[in-house]
Each structure stands twice: as C-alpha cells, then as structure tokens.
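# fold the following, please.
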Amino acid sequence: MQPDVSVVLITYNDSARLSRTVASVLGQSLHNLEVIVVDDAGTDDTARVLARFDDPRVRYIRREADSGGRGAPRNDGMDAARAPYIMFLDSDDELTRHACKSLVTEVERTGADFATGQISRPSDATGRARHYHPSLYRPRRVVEGIRADPAMFLDGFAANKLYRTAFLREHGLRFAESLRYEDHAFTAALFCAARRFAVVPWTVYHWRRAGRPTSISPSREMDNVRHRVRAAQVSDAILRDNGYSDLIGRRQDNFLGQDLRVYLGRLPRHTTLWVKEFASVVRPYLDELVPGVMRRADPAVVVCCNLIRTDRCDDLMVAARSLTGAKAPPRHALRVDGRTYWGTRADPGLDITALRLAELPFSASRIRHEVSELSLEGTVVTMAIRTYDPFAVLRRHPTVADLTVRGVRVRLAPRRQQDGGYLTRARLDLAEAALGPLGFDGACDARVEFTRSDGHVTGDTLLVDPKTPPLVCAVAGHRVTVAPEGDSAFLRFRWRRAGVLRQATRLRGLRALAARADLKLWVYRRMLPVVPRRRDLALFESDAGAGCTGNPKYLYEEIRRRGLPLKVCWSMSGDRTGFPPDVSLVRRMSWRHVWVMARAGYWVDSHGFPLDFPKPKGTRYLQTWHGQTLKTVGYDAPALRGDFPGPREQWRDAVARWDALVSAGPEFQRVFVPSNGYTGVVLGFGSPRCDVLVTGDPSASTRVREALEIPAGRKVLLYAPTYRDLSKGKGTSVRVDLDALGEALAGEWVVLLRTHPVERFEVPERVRHLVRAAGTYPEVNDLILASDALLSDYSSIICDYACTGRPILLYADDYDEYSTAERGLNYDLREIAPGPVLETTAELIAALRALPSIQAGYAERYKEFATLFCSGETGKAASRVVDAFFHANGRRP
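From the prediction side, this is the model:
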C-alpha cells in the first residue's frame, strides 16, 4: 500500500540520538507513512539501531561517500519517496505526534502547495522549550503567494513543512549540494514557486538544543560566516531570476535579524584580529543591501552593521554585547533634538532612538557595568567596576549603590571619572551568601543596584572579559566558581554542594515523599473525625493562594473593621508579596495548611480549595467566586464540557462543599448556578470586590502612579486581556501591537498591562517607556480606579469596570476563534459590549484619539451592559455578606 507521507530523515554518525527521532515518526497519529533514513556514509552503528525497530515502514539508504552537507542525502531521500506528501527531518530532532496528520489535513483543506508550522527549541539540559518567532505562525491562515506575506521569508527552514511531493518534482525544487546552509536557497526557491501555502500556529517540529553549546574553532566559524553570506547571495539571486527582485529586501531582513545576528552576538569572545576578518567578509554583502533594510532592522544590529562598514572593530565588540543575554546598554549615548545616538556623535547610522533607552522609567533604566579587575583570595572576591551611565540616570536621580550576589549586599562608593563614568572597588565575601540548611546547587549573577529615596530600584548585571579564567573556591561545604557566562560574558557565580552537603541532598527524597499531596490527603481524611473544629478560626484564600485580593480581601477587611472575634489565616502559594504585613499566613498544601483546613470553622475563597479535600463536618464554606459569566463556566467550559466522568465528578463534589455562594447579581445567578450544578444558598448582595469601585477611593490613583512611575499629566489605559486556553502561559493574550501603540501614544498615555495570572509575558524593553508591567501590582481595583479607560477582550474585568462608568474598549482580533474553538462565550459581545470591538491596532489608536465621542456613541449600550451585570452592585456587598454568612442564625463566630 502506498504511504500517505514520506519522512526523509538524514543522519551522519548520530546513532545515539537516532532512536528518539525515528520513534517520533513511527509514533505519528497518521500511521500510514514511511520513514526513509538516509545515512551519509557514517561509520557508527546506524544500521543496527534501525534494525531494532523491526518495522516495515522504515527504509534505509546508505550513501557511498560522505557529502559533507545535508543537501545530497535529502535529495536522495526525495528521489526515493513514494508518498504524495513529504517531510524532512534531521537525526537530532523530532516531529510532534500529530505533525503529519495535521499538516496533511491543512494542505488538503486549503489546496496549498505546502503547509508550515511552529518550531519549538527544547533544551536537553533544562527541559525547557522556546518557540521560534511565535507571532510569525499566528494566526492560522492561507497565504496566496509570498508577495501577500513577505515576512514569511523568516521561515527559512525545510524541516517544519509538509510538501506535495508532485509540487517539488514539477518545479525541480531540490537542495543545493555545494552550499552549507542549503535551507536558505531551498526555501527561497520554494516561496517563488508556491502559488499558495498554509501557515498553522501549532508546533510541528522540535529542533533540539544540545545540553552544552558545541565549541568550534575560530577558523571553522569564519568558514561558516563565509558560507552564510554565500547562502544569502545565492538566495537573492534566486529571487532575482524568478521575477521577485522587489522582495529581495524583505528576504535580506532575515539576514540582518537572524543570520548575521548569530555571529554578532559571539564577537566579544573573539580576538580583534578575528573580528577584523569577520568584518571584511561581511562588509561587501552589507554594501549590497537594498535600501530600507537597515530602517526595518533592530537598531542595535544596525549600529553593529555601520561599525562594520566604517571599520570600527573595537567599537563593534563593545556594541555586540548589547545583542545577547541582558543586552547591555552602550557605554555612551548622545541625545540631540529628541533623537538618541550610540556613542558620542550624532551619526544617523548610529541612531538608537527606536530602542527608547533614554525614555525608560527609573526602575527600568539601563546602566552599564564592566569588571576591569577580578581576583579571589580565600572566600573574598575583589573587583574593580567601571560604570557607564549613558542616559544620565545617576545624575538625575540621587541614589545609593549596592553590589548583590545571593543575599550578600555590599554598599558601593562610585567615584566619578573624567569620561563621565564611575569607578568602584568592591570586596564580596562569599561566606556570607544565603545558602539554606541543605545548601544550594545553582547559579546567580552579580548585580549593581541603585536605590532611590522613594524605594524604586534599578539594576544591571556585570560584564567581564570573556577570556577571564574561572576562579574557584570552597565556601561552607560548596564549590563556588566565578566565571564569564554567555556570549556577552556577564559575571556568574555557580554553587555546587560538596562533601557532607552533597550526601545530605539524599534527604530531599524524604522531603519529596512527605510533600506528596496524596499522602497529605490520606492523613487529612483520618484527622477529620478526631480533630475538633474551631469556630473562631477562618481559612481565607484568593486565587489559589496568589495574594490577598478579590472578594475574600474585602470580606476580611470588613471582619477586621467590625472587630469580630475571628482569627483569619490566609493561604499563600508564593511569597508574602501581595499580602498585608500583619496577616497570618500558611503555605498552601503544606502540612500546616492541611491542619488548618481540618480545624477551621470557616472556609472562604474565590476559586476553590484543593479539590479532593472534603469539607470537615461543622465547617461552613463561603465560595465568593472571582468574576462574571461572559466566558463559559463550570460544566459549559471546555475542561468539563466533555462527557468524561472523572473531572465532572470531581468538580461536582467540590461544588457540593459550598454552603453559600456570593452572587454579583441576577444575571450572574441565572448563568452561574445551573452551569455549576449548585443548589445551595445564594447571597445576592453584589460583589464585595466591587464596593470600592462604586464608592471610590481617591488615594488609589496616587498609589498606582507612585508605584508604577507614571508621569504627571499622562492618561492611563488599563490593558487587561484574559488568557487563551489553547496557549496558556505563552503570552498570546497580548495581541495589540505595542510598538505601534508606543509610536502613536507615547507622551500622552501610559499603558498598564495586567495579564491573567496564568499568563507569561515579558514587556519588551523598547516599549517600557509606554507600557508598565502591572501583573504583580497587588490590587487590581487600584489599577481600575487609577485608569482613564479599559482595554480588554473577553475578561470579566469588563463587568467590574462598568461600575465606574469610564470608557471600555475591546480588542478581539480572534473573536471567532475564541468563541468557537477556545473558551467560548455566553454572550455575543459584538451585540452587547459597552464599547467598540476592535480588530486592529490602528483601530485602537483611532478610538483612543476619539475617546469622548466613542464614549458618547456607546452611552446607551454601556447603560444596558451595566444594568445587566452591575445592577446588584450597591457598594455595600461586603457588609451584607458578612451579616448573612458570619452572623447566620443570629450567632457570632
């Protein structure tokens, strides 16, 4: 039977990893395939490894001579392919389980010549993975030729794609056999030939990173540079010969943004002579670049390119340290007529204004530190630090300076130098490091921190000569190594337990056993019949222990205001950040937490106490919940929507523990109660968290502006998107183009970005002049009250914000996908939203510039929305809930 897909897997002396790679193909959900393993005349036991699979789908081709590249073996595999679809795979990488099936389906659904998908880069050392330019593969789409989406030149890989085999053969698409970076030329020709291709956002290919970077000789790396430049030239020629000369510049964007940048980042590790040769190899191609390429590139890369073109190799090595790791700022910068320049001259080729480094708030500002002397005597590290303040941060802000490493803090006394920088000498005793009772295995970086009188802190790592030999000492049962780290060579301290402490780590196995949740549940269930309840003890929890916030916070404050004889203990999952200093805390799922759960007469929370722990007899449980019903909830949500008994029964038992439910109002009760199968008491007095939004708090704005460094006179936009279920924790909820927003609104607005707690998104440095990361600010209501408008999508914060009467904008460029394939909605927001539903950043900018007229135009819809979701909010919910729950049946706690 003809296979559906041929996977061409090339290998050369890589039998140790080959099994994993072959297994990723044979384990595909699309079973009818073949894997063609092409051995490029290797000398290892590849044939023996393949024989162990004993699977007729595995075909083995051994070449007679080593080709020295990937092109020839791939072509051999392509010639041998029998399936209508083909993929390519390297022996150290893997396909995801549904890669073949999902890409075949996409090609057949769309009629595309090929389909391409996301690449992940898992590390064998850490187990963590990062995605290759995630935004490039979003949204899922069909591209009608490369002219329709030239940014896809960045997708210059052959292995993350599934092709129609006939398409490749018809157009004579083969891999260059004399070119080391053959993917570049192949994909250039591919994009020229394809009339249509499909792009999918899911991961199809794992491009593995080795545990440790492979060290290659300087001469071989220089040879790689020459081949990389040659591949770029060949690719440009392919576009030119196929009538795509107008797109050469867009393909060259990839050379500056990716190919060249790889080598620029490594320059600090090389000698000046090597850097000069590198510049001579690269310079001719830089001179060929199409006008406009430099304008679109990262300004830090552009600076390096211009230093190459002007043969300033010493400065080039300084600038290259801004490209990797902590991305060090320049030593010097010049500000002229609102523009910022790298160095000491207003050279247009060195313009770094777009990086916005001169406009950052104090806590995000950048200062460069270089270690000029480093020595070790006993446990004491002595160093001389040259500090460069390119943006005059220290001249504008009186500060105190400290050197910090692993809990050791040394006060510094920087001395001003003639060049405007500072010189500091410091002695750091590693014996003072905080290592814990069982010691510490790990690493941390030295930092110099400057603290302002208002408590705001800015800090940067220390750069060191990459050729500095490691310094090693013994400290309190540890071996400590002090050495450069990474391509930019910042100073890192590594601790490794030694001797007795290394043996003591075996105790961690016992600690892990004691920490097991199933053991704690077993003990908890046996405590319940014998441990008496304390009616004066309440266990409070918000957001699974994330902080003192939400409805539980305001109920707690009401209890304290009244002086009720109730001891409240808060569950904590992280650190004390987000909790008042005087509250009693217990770590969530610790043994003490299990004890308090068994003893407490009251449970109060906003999300759900540990699901499998039954409520003790006599304990009263108040579920306050944490949002509204815009999104599907309970059994209507994706996690419980399917007819799978385990999760549904678990949630049914969890809901049965509730004695009372806080309701925001009639609409909440209408949707939430049946969606969760709840049959108990409903306290329909409104949401305690919304009381302050109704009554106001004049001091909230001052708190937020001071904490987040918002300049006077700037309007505040609160941007609070919700997470996406299919890409939770990957930052995909932040869909607005923050760069475009910064260009249009900086100087007038500040954006407070409050992502959902499960989301992971780091605000890029280049937009921190506009965007403040507000995810860790302890109280969202402060942010609401300090803002002039809300930008959200499908989050329940929209309903809370409507209590203020202030403008609301919705950014929902994925509305159809979210409402059908993602979480799902209970309402058509396009019909009921209290403000416009926007799909582009340009629309958002226009709406913010016309906010008064937008607000007036949506006044009636806003009123209807507030009536639907906020009619129960009177500003007295906390008081009424405490009356109803804690004074039930006339009894005080």
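# right, and residue 603 touches residue 624 too?
No - counting by Cβ atoms under 8 Å, residue 603 stays clear of residue 624, with 10.7 Å between them. Using the backbone N, CA and C atoms, a C-beta is placed for each residue, glycine as well.
# neighbour-wise, which of these two wins?
residue 624 (28 against 24; other Cβ atoms under 10 Å).
# mind checking how far the more buried one is from residue 264?
53 Å (Cβ to Cβ, to the nearest Å).
# can you name the element that comes right after the helix or strand bottoming out on mean pLDDT in the chain?
Across the helices and strands of the chain, mean pLDDT, DSSP states H and E gives its lowest value to helix 507-514, namely a mean of 57. For helix 507-514, the following helix or strand on the C-terminal side (DSSP states H and E) is helix 517-527.
# run a quick neighbour tally on residue 99.
With other Cβ under 10 Å as criterion, residue 99 counts 28.
# I should have written residue 617 there, sorry.
8.
# which residues touch it?
528, 533 (Cβ atoms under 8 Å, 6 or more residues apart in numbering).
# and what of residue 229?
Contacts of residue 229 by Cβ under 8 Å, 6+ apart are 281, 282, 285.
# which helix or which strand is home to the second one?
Secondary structure here is read from DSSP H and E; on that basis residue 282 sits in helix 272-288.
# pull out the buried residues from that helix.
274, 275, 276, 277, 278, 279, 281, 282, 283, 285, 286 (16 or more other Cβ atoms under 10 Å).
# any chance of those residues in JSON lines, with pLDDT too?
Compiled in JSON lines, the buried residues of helix 272-288 are given as follows (pLDDT from 0 to 100):
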{"residue": "274", "pLDDT": "96"}
{"residue": "275", "pLDDT": "97"}
{"residue": "276", "pLDDT": "97"}
{"residue": "277", "pLDDT": "97"}
{"residue": "278", "pLDDT": "97"}
{"residue": "279", "pLDDT": "98"}
{"residue": "281", "pLDDT": "97"}
{"residue": "282", "pLDDT": "98"}
{"residue": "283", "pLDDT": "98"}
{"residue": "285", "pLDDT": "98"}
{"residue": "286", "pLDDT": "97"}
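# would you format these as CSV with distance to residue 795 included?
Conversion of the buried residues of helix 272-288 to CSV gives the following (distance: Cβ to Cβ, whole Å):
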residue, distance to residue 795
274, 52
275, 50
276, 55
277, 55
278, 49
279, 50
281, 51
282, 47
283, 51
285, 48
286, 46
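# so which residues of the stretch 601-750 of the chain form strands?
For the stretch 601-750 of the chain, applying DSSP state E, counting those that start in this stretch gives strands covering 620-623, 660-662, 681-683, 715-719, 749-753.
# what lies in contact with the last one?
Yep, that's strand 749-753 we're talking about. 704, 708, 710-711, 714-719, 734, 738, 741, 745, 761, 763, 770-775, 777, 783, 786-787, 791, 848.
# among those residues, which ones are in helices?
704, 738, 741, 745, 783, 786, 848 (DSSP state H).
# of those residues, which is the nearest to residue 470?
Using Cβ to Cβ, residue 738 is the member of the ones in helices among the contacts of strand 749-753 that lies nearest residue 470, at 39.9 Å.
# quick one: the strands in the stretch 451-600 of the chain?
457-464, 471-475, 478-485, 490-497, 534-541, 567-572, 584-587, 600-605.
# how long is stretch 757-775 end to end?
7 Å (Cα to Cα, to the nearest Å).
# so how far is that stretch from its chain's centroid?
10 Å (Cα atoms, centre = their mean, to the nearest Å).
# and for stretch 623-639?
Worked out by Cα atoms, centre = their mean, stretch 623-639 lies 25 Å from the chain centre.
# okay, buried residues for it please.
Buried residues in stretch 623-639 (16+ other Cβ under 10 Å): 623-637.
# which of the buried residues of helix 272-288 lies closest to residue 813?
Nearest to residue 813 among these, with distances taken as Cβ to Cβ, is residue 286, at 36.5 Å.
# between the strands of the stretch 601-750 of the chain, which one is closest to residue 571.
Nearest of the strands of the stretch 601-750 of the chain (Cβ to Cβ): strand 620-623, 13.6 Å.
# contacts for that closest one?
With contact meaning Cβ under 8 Å, 6+ apart, strand 620-623 is reached by 555, 601-606, 608-609, 615, 657-662, 881, 885, 888.
# just the buried ones among these, please.
555, 601-606, 608-609, 615, 657-662, 881, 885.
# report the contact partners of residue 484.
Counted by Cβ under 8 Å, 6+ apart, residue 484 has contacts 464, 465, 466, 467, 468, 490, 491, 492.
# just the buried subset of those residues, written out for ChimeraX, thanks.
Selecting just the buried residues from those in ChimeraX takes one command, with 16+ other Cβ under 10 Å as the test:
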select :464,466,490,491,492
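# of the contacts of residue 484, closest to residue 138?
Among the contacts of residue 484, and counting by Cβ to Cβ, the member closest to residue 138 is residue 490, at 32.4 Å.
# got the contact list for the closest residue to that closest one other than its chain neighbours?
By the measure of Cβ to Cβ, 6 or more residues apart in numbering, the closest residue to residue 490 outside its immediate chain neighbours is residue 461, 4.3 Å from it. Applying Cβ under 8 Å, 6+ apart to residue 461 gives the contacts 325, 326, 328, 369, 445, 446, 447, 490, 491.
# make sure the fifth one is actually in contact with residue 490.
Yes - here residue 445 lies in contact with residue 490, judged by Cβ under 8 Å, at a distance of 5.9 Å.
# quick one, what contacts residue 173?
For residue 173, the contact set (Cβ under 8 Å, 6+ apart) comprises 167, 186, 189, 190, 193.
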